[in-house]
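**Q** here is the input, now give the coordinates:
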Amino acid sequence: MKKENDEITDLFRTRLADAGMSVRDGFWEELSQEIPVACQHRRRILLFRVAAAASVLLVLAASSATFLYFSPKEEMEEAANLLEIHSEEYYRVVTFYTFQKERGDMYTSEQLRETGIIEGEIMTLCPGQHVYRNIDQIVMIQRVDEKQKREVYLNKMEEMCAALQNAIRYRHKTEKIQVGIGKMVKGIYNLKDSYYEAKRAISYRDIAKVISGNENQTVTLYSDLGFFKLLGDIDDLNTLMDYIPESLQRLYSYNKPQRKDLILTLQTYLDNNQSLNKTAQALFIHYKTATYRIDKIGKMTGMDFKNPNEMLNVRIGLILYKMLEKAR
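**A** Residues are numbered from 1 along each chain as shown. Sure, this is the predicted structure:
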């Protein structure tokens, strides 16, 4: 900063000397004090302009076609130029939300301050990306490599989320980070779609945890929700029973102490590509015990383990049952 101030002061000296102009006593000392304030103000204005430009791309672009008809296309292109978003490059919109177990609708100044700190940490972890904040939501327009494998990308995002959560714990705060990720899009005009998906991914985070079987999951890629995206807007979760095959309903209706073990064995059996050896190893039981349980399930419910369509429906049904149990 001092070097930058000295360069600006020297520039003033040179230009005034070339013009043959003299200055009053104390001028250079006052200028040295005012330059840092001016530079800080300039950076703050730049940050506001960047946030405003991002809002133009994500909010105005998501507006109705009628609105866009009266809003010049140049406005979006100007915003894209400011953010250096290029038509031939690929981007994702990522949303970061902070949640607390006990919190009303209003945020305290301390909570808002913590969100601001998290925003700064995201900027540090993701240099060169466009990050801005809106209350509890932090949005990042992320330039991505279209050839990067999904698993590699998600691993990096999970590592970043873990680093943020560790920093929060280090400050003795209780916020929990959840990350929603939209689809990859090319250029500026489809950023609105990626933004929509990123927000929806956050609202479906509980479904994502059930699908993955990981209650500690913090990163949700909207496209990973697959078929279950259709279920996110169902008001009466009891209607999910219509999507559960009768054979699986018979198993859940089995009113005996062994029911829990049978359901766990079925889930593990399907997760291990219907391998009895791997099922037994995963559950730490004897091979004959695993075989006995699967045979019992088949006889009790009528499941046809050789029918791939039925097994797909059973897999979906197991997830739907978990969603119902979580909602109760």
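**Q** quick one: residue 323 from residue 249, how far?
**A** In this view, residue 323 and residue 249 are 15 Å apart by Cβ to Cβ, to the nearest Å. Bear in mind the C-beta positions are built from the backbone N, C-alpha and C, glycine included.
**Q** higher neighbour count, these two?
**A** Legend: neighbour count by other Cβ atoms under 10 Å for residue 323 and residue 249, higher for residue 323 (19 against 13).
**Q** so for that one, what's the nearest residue that isn't a sequence neighbour?
**A** If the residues on either side of it in the chain are set aside, residue 323 comes closest to residue 210, at 5.4 Å by Cβ to Cβ, 6 or more residues apart in numbering.
**Q** shouldn't that neighbour be in contact with residue 321?
**A** No - look at residue 210 against residue 321 with Cβ atoms under 8 Å: they stay out of range, at 9.4 Å.
**Q** name the SS class of residue 88, please.
**A** Three-state secondary structure (criterion: DSSP: H, G, I helix; E, B strand; the rest coil) places residue 88 in coil.
**Q** from residue 267, how far off is it?
**A** Remark: distance between residue 88 and residue 267 (Cβ to Cβ) = 45 Å.
**Q** between those two, which one's more packed in?
**A** The neighbour comparison of residue 88 against residue 267 (other Cβ under 10 Å) goes to residue 267, with 18 against 6.
**Q** now do the same contact list for the more buried one.
**A** For residue 267, the set of contacting residues under the criterion of Cβ atoms under 8 Å, 6 or more residues apart in numbering consists of residue 318.
**Q** the nearest residue to residue 290 once chain neighbours are set aside - how many residues pack around it?
**A** Of all residues beyond its chain neighbours, the one nearest residue 290 is residue 280 (4.2 Å), with distances taken as Cβ to Cβ, 6+ apart. Here the number of neighbours of residue 280 (other Cβ under 10 Å) works out to 21.
**Q** need the contact list for residue 280.
**A** Applying Cβ under 8 Å, 6+ apart, one finds that residue 280 lies in contact with 286-287, 289-290.
**Q** out of these, who's the most crowded?
**A** Neighbour max across these (other Cβ under 10 Å) = residue 290, 23 neighbours.
**Q** does that one touch residue 265 like I think?
**A** Yes - in this structure, residue 290 is within contact of residue 265 by Cβ under 8 Å, at 6.5 Å.
**Q** rewinding a little: give me the element the residue nearest to residue 290 is part of.
**A** Counting by DSSP states H and E, the secondary-structure element that holds residue 280 is helix 276-283.
**Q** give me the contacts around the strand or helix carrying residue 310.
**A** Using DSSP H and E, residue 310 sits within helix 308-327. Residues outside helix 308-327 that contact it (Cβ under 8 Å, 6+ apart): 206-207, 210-211, 227-228, 231, 237-238, 240-241, 243-245, 247-249, 252, 263, 266-267, 270, 274, 303-305.
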